[in-house]
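Visitor: for reference, the sequence and a predicted model appear below.
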Amino acid sequence: QVQLVESGGGLVQAGGSLKLSCAASGRTFSSYDMGWFRQAPGKEREFVGVLNWNGAFTYYVDSVQGRFTISRDNAKNTVLLEMNSLKPEDTAVYYCAARFFRTLGSWTDGAKYDYWGRGTQVTVSS
């Protein structure tokens, strides 16, 4: 089992920045690819980005490419989502998720992730 807890959400003005943190506990954190997803009110959950188990590979949805950065510290069992140049359309509940590094299938498919946090709210005002 891996337990994930997100923090760092809040209210920010458009153009501002936030850094979300996801703390992991339980089994070997370094064996998991870490993804971020978000869900806005009335919308389906959306893939945001992923950082693979050893930090060598990242992939982001086009809408956040160049604005969001995922990093991880395996020694601290933590993954970060740094969000810059935030837009009102970034408003959502943000979730971190973990998938075992040998899992096959699309990075963007939430069904391929084994563990999820409860989410943290990010609100961007215009």
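Guide: Received, thanks.
Visitor: can you pull the buried residues of stretch 17-28?
Guide: Using 16 or more other CB atoms under 10 Å as the test for burial, stretch 17-28 gives 18, 20-24. From N, CA and C alone the C-beta is placed, and that goes for glycine too.
Visitor: any idea which of these is closest to residue 2?
Guide: Nearest to residue 2 among the buried residues of stretch 17-28 is residue 24, at 5.7 Å by CB to CB.
Visitor: residue contacts, the closest one?
Guide: Neighbouring residues of residue 24 by CB atoms under 8 Å, 6 or more residues apart in numbering: 2-4, 32, 34, 77-79, 98.
Visitor: change it to 7 Å
Guide: Residues near residue 24 by CB atoms under 7 Å, 6 or more residues apart in numbering: 2-4, 77, 98.
Visitor: so what's it closest to, chain neighbours aside?
Guide: Excluding its sequence neighbours, the residue lying closest to residue 24 (CB to CB, 6 or more residues apart in numbering) is residue 77, at 4.5 Å.
Visitor: now the residue nearest to the spatial centre of the chain: phi and psi?
Guide: The residue lying closest to the centre of the chain (CA atoms, centre = their mean) is residue 36, at 2.1 Å. Main-chain torsions, residue 36, degrees, to the nearest 10: phi -120, psi 140.
Visitor: which pLDDT value goes with the residue in the chain sticking out farthest from the centre?
Guide: No residue in the chain sits farther from the centre than residue 126, which is 22.8 Å out by CA atoms, centre = their mean. Note on residue 126: pLDDT of 93.
Visitor: who's in contact with the nearest residue to it once chain neighbours are set aside?
Guide: Counting by CB to CB, 6+ apart, residue 126 lies nearest to residue 88, which is 4.7 Å off, once chain neighbours are set aside. Residues in contact with residue 88 (CB under 7 Å, 6+ apart) are 14, 124-126.
Visitor: rewinding a little: report the separation between the residue farthest from the centre of the chain and residue 42.
Guide: 18 Å (CB to CB, to the nearest Å).
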